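J.: Curious how this folds, go ahead:
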Amino acid sequence: MWSEFFVYCTSLVECLSIPLLTLFTTWNYNIEKDLVHNITVFNWMSLNPFVIPVMFTNDSDVSADCSRNGWKVLPVLVTAAEGVPVLKYMYRDVMEKYNTTIYAYSNADILFTDTLLDSLGQIITNISLDLTQPALMVGKRTNFKNFTSDEGSTWYNITKTAKDRGTLYTIWALDYFITTRSFPWHDIAEVVIGRRAYDNWLVFHSRKMNYSVIDITSTVLAVHQTTKAGNNEGRSHKSSDYNHNLYKMVKYHVGVIACVEKYTKYEYSKFSIKTRDYRKSCEAS
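T.: Predicted coordinates for the structure are as follows:
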């Protein structure tokens with residue numbers, strides 16, 4: 001389905017001349033999440049060659065496993081909060097290393113389907129997103145418990161499982177951040193991944209700076225493989241407040257997905273970007 005809108009192209013790569021997306025994450029070996037990570041490795045490679053999956057790690061076992069399965073691997077160079085990677089420097093490193101149209105960090109337990117390719121392709125080619133200007137695309141996730149290898153083996157199985165027993169999560173939690181190359185990461189606070197508050201701050205900051213922010217929840221299926229650690233794992237760490245302590249007087253409530261003015265939608269099989277009704281409670285200034 002995702003390639004049907006390319007009227008004058010035979011493929012996404014031909015339309016864009018370079019791969020669509022660099023999609024990166026990070027983890028160290030954790031036996032309790034071994035199945036989750038194995039499913040993620042397979043799933044992200046299913047998006048290749050339109051997506052370049054990249055692993056940031058200093059763990060030699062993780063590095064070898066990802067390389068063996070076709071991923072690119074980069075070292076984690078900048079950390080904080082007891083060794084957690086700082087987000088902005090990962091964006092810097094992938095932008096220096098890989099030439100793609102857009103770039104995204106995602107949590108390591110998130111799976112995608114062809115809806116990611118479809119939506120991003122539509123936004124870039126048919127909606128004419130200005131790639132020279134800062135843009136941020138985010139979305140809510142769908143939670144699953146006890147996800148199996150079979151359920152994660154194909155886009156069809158992921159989609160069916162989402163429909164059968166998935167639950168769309170809260171407007172407060174964001175797990176992936178897709179940006180244009182022009183997004184000014186050098187100006188972003190040195191937040192770390194996997195700790196609370198950075199997701200809503202990033203949306204709040206982008207809205208306050210009048211960057212283009214788009215909620216792609218309704219056109220992109222993002223599946224969260226929920227383990228026994230639960231859906232609020234970031235709050236369980238000793239450094240859970242690290243990101244929060246970087247800010248002063250942040251209006252986190254205007255960084256929720258419901259406050260993002262633009263959102264994608266299919267109406268009668270036609271892809272479009274809509275504008276939400278004005279809400280005074282969402283004012284970011």
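J.: D187: neighbour count?
T.: For D187, the count of nearby residues is 10 (other C-beta atoms under 10 Å). (C-beta placed from N, C-alpha, C; glycine too.)
J.: That one and Y91: what is the separation?
T.: 12 Å (C-beta to C-beta, to the nearest Å).
J.: Could you do L77 as well?
T.: Taken as C-beta to C-beta, the span from L77 to Y91 is 12 Å.
J.: For stretch 80-91, buried residues please.
T.: Within stretch 80-91, the residues scored as buried using 16 or more other C-beta atoms under 10 Å are 80-81, 84-91.
J.: Would you mind pulling the contact partners of that stretch?
T.: Under the criterion C-beta atoms under 8 Å, 6 or more residues apart in numbering, residues 24, 26, 56, 74, 76-79, 103, 105, 179, 183, 185-186, 188-195, 198, 238-239, 242 lie in contact with stretch 80-91.
J.: and the residues you listed, which of them are in strands?
T.: Members of those lying in strands (criterion: DSSP state E): 24, 26, 56, 74, 79, 103, 105, 179.
J.: and the fourth one, bridged to which residues?
T.: It refers to L74. Taking DSSP bridges as the rule, L74 bridges to F56.
J.: could I get the buried residues of stretch 80-91 as CSV with pLDDT?
T.: Converted to CSV, the buried residues of stretch 80-91 look like this (pLDDT from 0 to 100):
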residue, pLDDT
A80, 96
A81, 93
V84, 95
P85, 97
V86, 98
L87, 98
K88, 98
Y89, 98
M90, 98
Y91, 98
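J.: now for these, which pair is the farthest apart?
T.: A81 and Y91 (17.7 Å; C-beta to C-beta).
J.: can you give me the helices for this protein?
T.: Taking DSSP state H as the test, the helices found in the chain are 12-16, 34-45, 60-68, 87-97, 114-121, 155-165, 198-208.
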